[in-house]
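> what's the 3D shape of this:
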Amino acid sequence: MPKGKGPQGKRITLKVAKNAVRVLFNGRRRLELGKMGIATFPKCILQLADVEELDLSRNLLRKIPNTIEKFQNLMWLDLHSNQIDELPAAIGTLQNLTFLNLCNNKLTTKGLPQELTLLRNLRTLNLGLNCLETIPTTLGSLRELIELGLFDNSLTIIPKSVKKLPKLERLNVKRNPLPEFAEEEKPIDTVKRIESLYLIEKKDLCDSCLETCQGERDELHKLEDMAPGLSDKPSFPSLSTPNSTLRINLVLTASERFPKRYLSELKDSKDKG
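Below is the predicted model of the structure:
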């Protein structure tokens, strides 16, 4: 890469790589170089090519060289969250590979080599969050596939050869413009939902508020006839049920809600009582 162009990335030495080898509970050795700011495939790790698992995820890698073929013991390869736009043809030589994660890269359909279909032992393949517009029908030759991730791409069709893979149990195609997997439109709710319900006595409402509340109540009664099962609700004949559209009016102070004349008459009637 020319000087000054693109990310330089962190340089990985053989010593650093050796210290990154972990022995898993199943006895496999994993070379863990994830999230280390690597922008170029480290040549030094070719000296550790006998590991069974390789983690280069969450880096800045744009290319995987054909020297990946040196890792003939690989069963597990994680390259997710890089900037990879194409895979090398040599990927098809990793015949022991059962897990391949390429999620969250920049892969296009042209970036998937024909040799990918040679991974006959592959059980998990994650191609989600890429730039794929089509899927090669030849992926249908990966007959050991159990899980296939194709979510968050630009796919408009899934080949029948892929959908009919004999051992496929999980196929994730979410967030693709696929007509056959389009979500059903939610039914329109014709019944108006009440956000808040306030109960207030009629005598405490001014004429204009009472008229509005009665109009709202009439609308609710119409909706009762349209929606079955609402006739069993409790009845409060002496109370009015204003809708939430009157929320502001109902929380105002008495002096703001009622005319001064009404308040004066109310005070006089209390004094006489």
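
> helices and strands of this protein: which one has the lowest mean pLDDT?
Each helix and strand of the chain was given a mean pLDDT (mean pLDDT, DSSP states H and E); the minimum falls on helix 247-250 at a mean of 41.

> distance of Leu74 from Gln95?
9 Å (CB to CB, to the nearest Å). For glycine as for every other residue, the C-beta is placed from the backbone atoms N, C-alpha and C.

> who has more neighbours, the two?
Leu74 (24 against 12; other CB atoms under 10 Å).

> all strands of this structure, in order?
If DSSP state E is used as the criterion, the strands of the chain fall at 21-23, 29-32, 53-55, 76-78, 99-101, 124-126, 147-149, 170-172, 200-201, 239-240.

> tell me which of these is the most buried.
strand 53-55 (a mean of 22; mean count of other CB atoms under 10 Å).

> what's it packed up against?
Counting contacts by 3 or more CB pairs under 8 Å, 6 or more residues apart in numbering; DSSP states H and E, strand 53-55 packs against strand 29-32, strand 76-78.

> quick check: which of these is nearest to His221?
strand 76-78 (62.7 Å; CB to CB).

> return the list of helices and strands in contact with that closest one.
strand 53-55, strand 99-101.

> what about that strand, average pLDDT?
For strand 76-78, mean pLDDT rounds to 98.

> strand partners (parallel or antiparallel) of it?
As defined by DSSP bridges, the strand partners of strand 76-78 come to strand 53-55 (parallel), strand 99-101 (parallel).

> could I get those strands as JSON lines with mean pLDDT and distance to Val23?
Below are the strands paired with strand 76-78 laid out as JSON lines (pLDDT from 0 to 100; distance: least, CB to CB, whole Å):
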{"stretch": "strand 53-55", "mean pLDDT": "98", "distance to Val23": "10"}
{"stretch": "strand 99-101", "mean pLDDT": "98", "distance to Val23": "18"}
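
> I figured Leu107 hits Glu133, correct?
No. The pair Leu107 and Glu133 does not pass the contact test of CB atoms under 8 Å, sitting 10.9 Å apart.

> before we move on, the earlier item: just send the helices and strands packed on strand 76-78 back as a markdown table, with distance to Pro42 too.
Conversion of the helices and strands packed on strand 76-78 to a markdown table gives the following (distance: least, CB to CB, whole Å):
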| stretch | distance to Pro42 |
| --- | --- |
| strand 53-55 | 11 |
| strand 99-101 | 19 |
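
> wait, isn't Met36 in contact with Arg11?
No. Met36 is beyond contact range of Arg11, at 10.1 Å (criterion: CB under 8 Å).

> so these two - more neighbours on which side?
Met36 (18 against 12).

> how deep is the residue nearest to that one when sequence neighbours are not counted tucked in, by neighbour count?
Setting aside the residues directly before and after it, Met36 is nearest to Lys10 in space (CB to CB, 6 or more residues apart in numbering), at 5.6 Å. When neighbours are counted by other CB under 10 Å, Lys10 registers 15.

> wait, Lys10 sits on Gly37?
Yes. Between Lys10 and Gly37 there is a contact under CB under 8 Å: 4.1 Å.

> what is the burial count for Lys160?
9.

> please apply the same query to Glu211.
So Glu211, with other CB under 10 Å, has 11 neighbours.

> then Pro42?
21.

> then His221?
10.

> what residue ranges in the chain score low on pLDDT?
1-8, 180-209, 222-273 (pLDDT under 70).

> would you map the helices across it?
All helices of the chain, identified by DSSP state H, fall at 14-19, 160-163, 207-226, 247-250, 254-257, 260-272.

> let's see the second one as CSV, backbone CA atoms only.
Read that as helix 160-163. Extracted in CSV, the C-alpha atoms of helix 160-163 (Å, rounded to 0.1, in the frame of the first residue of the first chain):
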residue,chain,number,x,y,z
LYS,A,160,-33.7,-22.8,-4.7
SER,A,161,-30.5,-24.8,-4.5
VAL,A,162,-29.6,-22.9,-1.3
LYS,A,163,-33.1,-23.0,0.3
